[in-house]
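Asks: pasting a predicted model and its sequence here:
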Amino acid sequence: MQSSEIWDDAQLASSLGVMKQIMPKLIETFLSQTSKILETLDSQSNEQLLLTAHSLKGSAGQLCCKRLSNTAAKIEQELKLQCNDDTAERRALLHEELNAARALMSEYLRQIQTLA
């Protein structure tokens with residue numbers, strides 16, 4: 001298990017407590033849903049990007065993906081304030097943070113499947 005500013009799997013396991021056995025399923029669901037987000041992120045309107053950022057802020061926060069949640073919150077706030085410049089930069093940042101979190105989660109799943 002590892003702890004990082006990208007994804008803190010130990011904190012997630014701790015927050016789930018006696019229900020930590022559902023952690024792999026939560027991760028698989030997040031990976032599936034975010035795969036769809038990655039496919040459409042570049043073609044989203046600013047309004048759609050605002051909704052995506054809001055959704056990622058919450059789901060990433062609940063799964064202890066600190067940087068992704070913080071980045072999504074910042075992008076959501078900027079879009080709410082009508083800061084429409086550098087939208088491509090925001091999308092690239094979301095891609096980067098989302099891919100970093102997904103990589104750690106995927107590695108975690110590989111590790112626990114190897115142990116099983």
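Replies: Received, thanks.
Asks: which SS class is Cys64?
Replies: Secondary structure assignment for Cys64 (DSSP: H, G, I helix; E, B strand; the rest coil): coil.
Asks: per-residue pLDDT of it, please?
Replies: What the model reports for Cys64 is a pLDDT of 96.
Asks: do the same with Gln2
Replies: In this model, Gln2 is scored at 53, pLDDT.
Asks: okay, now Leu98: neighbour count?
Replies: By the criterion of other Cβ atoms under 10 Å, Leu98 has 23 neighbours. Backbone N, C-alpha and C define where each C-beta goes, glycine included.
Asks: err, Asp85, not the other one
Replies: Using other Cβ under 10 Å: Asp85 sits among 9 other residues.
Asks: do the same with Gln111
Replies: Neighbours of Gln111 under the rule other Cβ under 10 Å: 13.
Asks: three-state assignment of it?
Replies: Going by three-state DSSP: Gln111 is helix.
Asks: buried stuff in stretch 75-93?
Replies: Judged by neighbour count (16 or more other Cβ atoms under 10 Å), stretch 75-93 contains these buried residues: Ile75, Glu76, Glu78, Leu79, Thr87, Arg90, Arg91, Leu93.
Asks: same check on stretch 63-73?
Replies: Across stretch 63-73, burial judged by 16+ other Cβ under 10 Å covers Leu63, Cys64, Cys65, Lys66, Arg67, Leu68, Ser69, Thr71, Ala72, Ala73.
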